[in-house]
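Undergrad: the following block contains a protein sequence and its predicted model.
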Amino acid sequence: MTRYLLRALLTLAFLALAPPFVRPTSAQETDLKGIVREAQGAVVSLEGFGVDGQPIGSGTGFFIQSGVVATNFHVIRGARSMKATLEDGQEVEVAGVLTSSESSDLALLSVPEVDSPALPIAGRNSVEPGDRVVVVGNPLGLSHTVSDGLVAALRPDGLGPDSEHFAEIPLIQVTAPISPGSSGSPVLDFDGQVVGVAVGAMVFGQNLNFAIPSSSLLDLLAGSDLESLERPFSSPSEASRWPLIRNLLISALFFAAVVVGIRLMRD
């Protein structure tokens, strides 16, 4: 009994005198918070409005240079006007679409020049399975949400002809969660470079998320003239003006028809 007690006391003494264990931290992990802070300043929330000025959808975008925001094409589809909300809550009107590609599901938008950082775009073939990535976006409207994960697979030929979506579009499969509202979020490597643009997830699956690779964004930029608009947007107030005028015209025509009918009946 005394022997066991002595052994226990020696063990406790050793543990008390031993230096605490600290898990080694890599330089990348140390810089992660800085990468996230920079990315959050560059990420915007996007909201699209229809012809009646009512919201039709939302998503995420990020600055790639001053006055230019990248996002998915499906985020802007059908919008007659758009606004972008910056990290500090400031709202700016989106002037229009600089260039877009429905086939690669990407678009570049023109916004007023503001004091926001731009994110660098990684080169081609910049990631491989097993690389760690981080996503900053607005899932379900929860602004500037950070999630991380791994590159699960590279799918240069998309998900195949039997897939309802992304049949042939090049994709990066990631384990970082992507939800509605995350579309257009930057997918960053641990150097703070954009390696992909979040595009969607498989609903009937376990954490199967996808991004458009940075190579597709580089291709869009290479064939673009960022000095002129491909399609201008109107402001929400302008977009809602036409339905009001239309309704007034319909009311006036109806009133005129009633007056004419009454006169004809009298005659």
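TA: Structure received.

Undergrad: sheet partners, orientation included, of the helix or strand hosting Ile64?
TA: Using DSSP states H and E, Ile64 falls within strand 55-65. Take DSSP bridges as the rule and strand 55-65 pairs in its sheet with strand 43-49 (antiparallel), strand 68-71 (antiparallel).

Undergrad: let's have these in JSON lines, adding mean neighbour count and mean pLDDT.
TA: The way it works is simple: take the backbone N, C-alpha and C, and place the C-beta from them, glycine included. Converted to JSON lines, the strands paired with strand 55-65 look like this (neighbours: other C-beta atoms under 10 Å; pLDDT from 0 to 100):
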{"stretch": "strand 43-49", "mean neighbour count": "24", "mean pLDDT": "96"}
{"stretch": "strand 68-71", "mean neighbour count": "26", "mean pLDDT": "97"}
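
Undergrad: show me where pLDDT drops low in the stretch 101-250 of the chain?
TA: For the stretch 101-250 of the chain, the stretches with pLDDT under 70 are 235-250.

Undergrad: where along it do the strands fall?
TA: Taking DSSP state E, counting those that start in this stretch, the strands of the stretch 101-250 of the chain run over residues 106-110, 132-137, 145-155, 171-174, 186-188, 194-201, 209-213, 231-232.

Undergrad: now stretch 115-130: how far from the chain's centre is it?
TA: Between the mean C-alpha point of stretch 115-130 and the mean C-alpha point of its chain there is a distance of 14 Å (C-alpha atoms, centre = their mean, to the nearest Å).

Undergrad: circling back to that earlier point, quick check: which of the strands paired with strand 55-65 is nearest to Leu106?
TA: Checking the strands paired with strand 55-65 against Leu106 by C-beta to C-beta gives strand 68-71 as the closest, at 6.9 Å.

Undergrad: tell me the mean pLDDT over the very next helix or strand once past that closest one?
TA: Counting by DSSP H and E, the next helix or strand C-terminal to strand 68-71 is helix 73-76. For helix 73-76, mean pLDDT is 96.

Undergrad: what does helix 73-76 contact?
TA: 46, 48, 57-61, 82, 97, 100-102, 104-107, 109, 183-184 (C-beta atoms under 8 Å, 6 or more residues apart in numbering).

Undergrad: got a PyMOL select line for the buried ones in the residues you listed?
TA: To isolate the buried ones among the contacts of helix 73-76 in PyMOL, judged by 16 or more other C-beta atoms under 10 Å, type:
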select buried, resi 46+48+57+58+59+60+61+82+97+100+101+104+105+106+107+109+183+184
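
Undergrad: find the nearest non-adjacent residue to Val68, please.
TA: Taking C-beta to C-beta, 6 or more residues apart in numbering as the measure, Val68 lies nearest to Leu108, with 5.7 Å between them; neighbours along the chain are not counted.

Undergrad: gap between the one you found and Glu128?
TA: In this structure, Leu108 lies at 27 Å from Glu128, with C-beta to C-beta, to the nearest Å as the measure.
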